[in-house]
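# sequence unavailable; structure follows:
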């Protein structure tokens, strides 16, 4: 793990790092010492590790809950090189949709492909970040919606260190089978008027989770319009389960 | 309005009252003076104004938010005399269900009948309680699930003083048309494995609400198994909208 920059503001330290070929960012309380809960955040499609929605949530988790938060670029996103295979599949999928094929199964297939790389990458990031003395091996949470849900479901299902997850804006076609292996508490966000994920698909993914404690928060609005009060709810959810 | 008893514990004053033929209870902060938000709570079927779920929520709203809370017995419930017409209809409905009729439309018809009495009763309770110097004409909220939702939907739709409502465990067959007249923020509770209200009926009632801000909280479990963390969520919801 190589740190390439460190800045600090409002009590929150932000360190940019690379781990092998993975560019990442770690937020911790300024002057942190000792073990604390760690939340890994997965960004959305076309976004990156420092997308505004990630940064806003990360800073509040650090400032208000004293947690550590890490986010990394998904292959083909942010500071990572373009991925020729992914680009080719994306172009093919566009052509198939234009020719009348259904979008959801194509997205599902693509996310499953990417997850085969991100699950081991994210596990390696956990290993390394938890090795830092000011993070340590505390309880781990995961937050990710949209692509961050599509990649998050297989990650949460595979990684026993994750004790609670916020997921959402994803559908059953992509993730139901894997979701049935998730048993930790989940807060699941669904946008009632999502133009990308059919409502029934989102409800079916919530239904598929095997967790005893899972709570669906559905709000009016489109895919990108999660209301601000859900950020407060996320803080409380992680505090309850990791704090 | 006639007060028949007053007790106080842990900073919460509890006054039993009657308003005409309506038995009620009012919880306020001990030694309260001046105007404050008021939440009216509607109890479930077969329950009453001091059912444990009502008392627990009321005491926390008073102790933690400094609100006033009122609850009254629905006709035929609690300290009110048996209602021969309601009893007759209930018996008839049982026979009709035994003969193969669908339950939901029968419940819908019954709740609409009872609401014709409770809406004006509850409005009279608001008038009177808001006339007390230590409650006053502050913002009003409504909380009610199950029967408290069936009767609450027409009340919230009819009463412009209500600025926010927690509803749930109710279905569209009973309330969709009236719900389409509700425009205030609503937190809507749905039990994913509700044995009385079909899941699709609950989702359709949430869908029918005309509120710009409405949030569906769905949790695993049966009709009576709302998780404890939803009580915390209710406190924050009312604080956000009435506080």
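Nice, I can see it. Note that the structure is a prediction, hence the values are computed from the model and not measured.

# tell me the contacts of residue A:40?
When contacts are counted by C-beta atoms under 8 Å, 6 or more residues apart in numbering or on different chains, residue A:40 touches A:69-71, A:122, A:125-126, A:140-143, A:155, A:162. Bear in mind the C-beta positions are built from the backbone N, C-alpha and C, glycine included.

# what stretches of chain A score poorly on pLDDT?
Chain A contains no residues with pLDDT under 70.

# spell out which residues of it are next to chain B.
Counting by C-beta under 8 Å from any C-beta of the partner chain, the positions of chain A adjacent to chain B are A:192, A:203, A:206-207, A:212-220, A:227, A:229, A:232-233, A:236, A:240.

# repeat the analysis, applying 6 Å as the threshold.
A:215-216, A:218-219 (C-beta under 6 Å from any C-beta of the partner chain).

# top of those by neighbour count?
Of all the residues of chain A next to chain B, residue A:218 has the most neighbours under the rule other C-beta atoms under 10 Å in any protein chain shown, reaching 26 neighbours.

# which SS class is it?
With DSSP: H, G, I helix; E, B strand; the rest coil as the basis, residue A:218 sits in strand.

# please name the nearest non-neighbouring residue to it.
Leaving aside its chain neighbours, residue A:218 sits nearest to residue B:216 (3.9 Å; criterion: C-beta to C-beta, 6 or more residues apart in numbering or on different chains).

# could you pick out the longest helix of chain A?
helix A:103-130 (DSSP state H).

# go through the strand or helix carrying residue A:86 and flag the buried ones.
Per DSSP states H and E: residue A:86 is located in helix A:84-98. Within helix A:84-98, the residues that count as buried by 16 or more other C-beta atoms under 10 Å in any protein chain shown are A:86, A:89, A:93.

# residue contacts, the last one?
When contacts are counted by C-beta atoms under 6 Å, 6 or more residues apart in numbering or on different chains, residue A:93 touches residue A:106.

# farthest pair in the residues of chain A next to chain B?
Distance extremes for the residues of chain A next to chain B: the farthest pair is A:215 and A:219 at 13.1 Å, using C-beta to C-beta.

# make TSV from the residues of chain A next to chain B and add distance to residue A:14 to it.
Shown next, in TSV, are these (distance: C-beta to C-beta, whole Å):
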residue	distance to residue A:14
A:215	30
A:216	32
A:218	33
A:219	29
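
# residue contacts, residue A:218?
A:190, A:192, B:216.

# repeat that with 8 Å
A:189-192, B:206, B:215-216, B:218.

# can you pull up the bridge partners for it?
Counting by DSSP bridges, residue A:218 is bridged to residue A:190, residue B:216.

# ok so, going back, which helices and strands sit right next to the longest helix of chain A?
Contacts defined by 3 or more C-beta pairs under 8 Å, 6 or more residues apart in numbering or on different chains; DSSP states H and E place helix A:103-130 against strand A:12-19, strand A:22-29, strand A:38-42, strand A:68-72, helix A:84-98, helix A:147-150, helix A:152-158, helix A:172-179.

# nearest to residue A:116, of these?
It is, among the helices and strands packed on helix A:103-130 and with distance given as C-beta to C-beta, helix A:152-158, at 8.4 Å.

# for that closest one, which outside residues touch it?
A:40, A:42, A:112, A:115, A:118-119, A:122-123, A:142-144, A:162, A:165, A:167, A:170, A:174-175, A:178-179, A:181-182, A:184, A:186, A:205.

# before we move on, the earlier item: need the helices and strands packed on helix A:103-130 in TSV (columns: distance to residue A:51).
Putting these into TSV (distance: least, C-beta to C-beta, whole Å) gives the following:
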stretch	distance to residue A:51
strand A:12-19	14
strand A:22-29	11
strand A:38-42	9
strand A:68-72	9
helix A:84-98	18
helix A:147-150	10
helix A:152-158	15
helix A:172-179	20
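
# closest one to residue B:11 among those?
Comparison of these against residue B:11 by C-beta to C-beta identifies strand A:22-29 as nearest, at 35.0 Å.

# what is the burial count for residue A:231?
14.

# picking that back up, in the longest helix of chain A, what's buried?
Buried positions in helix A:103-130, judged by neighbour count with 16+ other C-beta under 10 Å: A:104, A:106-108, A:110-112, A:114-115, A:117-119, A:121-122, A:125-126, A:128-130.

# that older thread, what sits against the residue nearest to residue A:218?
Here residue B:216 is in contact with A:192, A:216-219, B:188, B:190, B:203, B:206 (criterion: C-beta under 8 Å, 6+ apart).

# go again using 10 Å as the cut-off
Taking C-beta atoms under 10 Å, 6 or more residues apart in numbering or on different chains, we find residue B:216 in contact with A:190, A:192, A:216-220, B:168, B:186-190, B:202-203, B:205-207, B:209.

# equivalent analysis for residue A:181, please.
Residue A:181 touches A:153-154, A:156-158, A:208-210, counting by C-beta under 10 Å, 6+ apart.

# go with 6 Å
If a contact means C-beta under 6 Å, 6+ apart, then residue A:181 has residue A:157 as its contacts.

# again, but for the one 5 residues further on
The neighbours of residue A:186, taking C-beta under 6 Å, 6+ apart as the test, are A:165, A:167, A:209, A:211, A:214.

# I figured the third one was touching residue A:179, is that so?
What that stands for is residue A:209. Yes: if you go by C-beta atoms under 6 Å, residue A:209 and residue A:179 touch, sitting 5.0 Å apart.

# from the centre of chain A, give me the residue that's furthest out.
Within chain A, residue A:99 marks the point farthest from the mean C-alpha position, 31.5 Å out by C-alpha atoms, centre = their mean.

# ok, that one to chain B distance?
Distance of residue A:99 to chain B, computed by C-beta to the nearest C-beta, to the nearest Å: 33 Å.

# and for residue A:94?
From residue A:94 across to chain B, the span is 32 Å (C-beta to the nearest C-beta).

# residue A:26 too?
According to C-beta to the nearest C-beta, residue A:26 stands 30 Å off from chain B.

# which ones are touching that residue?
A:15, A:70.

# repeat for residue A:139
A:37, A:163, A:242.

# could you do residue A:54 as well?
Residues near residue A:54 by C-beta under 6 Å, 6+ apart: A:41, A:43, A:71.

# repeat that for residue A:7.
Neighbours of residue A:7 in contact, by C-beta under 6 Å, 6+ apart: residue A:14.

# quick one: secondary structure of it?
With three-state DSSP as the basis, residue A:7 sits in strand.

# do the same with residue A:142
Assignment for residue A:142 (three-state DSSP): strand.

# relative to chain B, how far out is it?
19 Å.

# excluding chain neighbours, what is closest to that residue?
residue A:165 (4.3 Å).

# confirm for me that that neighbour is in contact with residue A:140.
No: the pair residue A:165 / residue A:140 is not scored as a contact, 9.6 Å apart, by C-beta under 6 Å.

# the two: which is more packed in?
residue A:165 (32 against 24).

# show me what that one is bridged to.
residue A:142, residue A:186.

# list the residues that contact it.
For residue A:165, the contact set (C-beta under 6 Å, 6+ apart) comprises A:142, A:156, A:186.

# now swap in residue A:209 and tell me
Counting by C-beta under 6 Å, 6+ apart, residue A:209 has contacts A:179, A:182, A:186.

# which one among those residues gets closest to chain B?
Distance to chain B, by C-beta to the nearest C-beta, is smallest for residue A:186 among the contacts of residue A:209, at 10.6 Å.

# may I ask which of the contacts of residue A:54 has the most neighbours?
residue A:71 (29 neighbours).
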